[in-house]
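J.: structure, please.
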Amino acid sequence: KQWYQRRSTGEQATGLQSPLIYLSRHNLTELNTMGTWIYDVDILRCVNSNLTRVCVAESYITDISLRLLALRGKLVELNLNWCDNITDSDSQIAEITEAAWNTFAVSLPLLENLDMSWMFGVKDPHLSLLLEHCPRLKKLNIDGHKLITTKCFRKMLVTLPDGSIVRSAQFLPDLQFVSMQYCNQMDDEELAEIVNHCRGSLLIKSYYGEDLEFS
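T.: Numbering: from 1, shown residues only. Below is the predicted model:
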């Protein structure tokens, strides 16, 4: 594909065609580049400690940008929809490294809204580590993930000494909505149990887009 070739030869790295070259990296608090041909070098130019809301959906960034955004920003909202170069092992770009993901996952304590739908290759250990370190997370979109299972969300429920099951006050206490459309490994019965024990504080959108609500 042409854009892989351009990236691998370094032609795109000049950034001459990128609109981000005109941005002031120090004052930027929100960034939305959805569908734009941007690369890691473009993120490097504009990332700063004031960034709180970032949408790089459908771009060609790799795990390099994940680390930059997590370490240098104070992200509250992050949209990585269809950023499949991050984890696409069939492309000319390497699959995400464990070191890069670990840095990313533990560096987002303020995150409230995360869309990582259709990012192929993410597995249970990756998502579990991320969820452990995002205590303020309210909305999560993981549509299209074929390797993630219900196991990542089991810690949302705890059993009290009297045997009753309640929602955890430590693990994802603020999570209100999760979209899991086209996630093949999810168990709808177990998800429904989690939703019911959350007693109206959580809504899950299941495989075919149906709402699992407290009943």
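J.: which residues in this protein form strands?
T.: For the chain, applying DSSP state E gives strands covering 30-32, 53-55, 77-79, 113-115, 139-141, 157-159, 165-167, 177-179, 203-205, 211-212.
J.: any chance of those strands in a markdown table, with mean pLDDT, distance to Leu147 and mean neighbour count too?
T.: Where C-beta positions appear, they are placed from N, C-alpha and C, glycine not excepted. Below are those laid out as a markdown table (pLDDT from 0 to 100; distance: least, Cβ to Cβ, whole Å; neighbours: other Cβ atoms under 10 Å):
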| stretch | mean pLDDT | distance to Leu147 | mean neighbour count |
| --- | --- | --- | --- |
| strand 30-32 | 91 | 28 | 15 |
| strand 53-55 | 95 | 24 | 19 |
| strand 77-79 | 97 | 20 | 21 |
| strand 113-115 | 98 | 17 | 20 |
| strand 139-141 | 98 | 16 | 21 |
| strand 157-159 | 97 | 23 | 13 |
| strand 165-167 | 97 | 26 | 14 |
| strand 177-179 | 98 | 16 | 20 |
| strand 203-205 | 97 | 18 | 18 |
| strand 211-212 | 93 | 21 | 14 |
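J.: nearest the geometric middle of this structure, what residue?
T.: Met116 (3.5 Å; Cα atoms, centre = their mean).
J.: now do the contacts for Leu202.
T.: 156, 167, 175-178, 194-195, 214 (Cβ atoms under 8 Å, 6 or more residues apart in numbering).
J.: tabulate the strands of the chain (JSON lines), appending distance to Ala105.
T.: Listed next are the strands of the chain as JSON lines, based on distance: least, Cβ to Cβ, whole Å:
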{"stretch": "strand 30-32", "distance to Ala105": "21"}
{"stretch": "strand 53-55", "distance to Ala105": "16"}
{"stretch": "strand 77-79", "distance to Ala105": "12"}
{"stretch": "strand 113-115", "distance to Ala105": "11"}
{"stretch": "strand 139-141", "distance to Ala105": "13"}
{"stretch": "strand 157-159", "distance to Ala105": "22"}
{"stretch": "strand 165-167", "distance to Ala105": "23"}
{"stretch": "strand 177-179", "distance to Ala105": "17"}
{"stretch": "strand 203-205", "distance to Ala105": "22"}
{"stretch": "strand 211-212", "distance to Ala105": "26"}
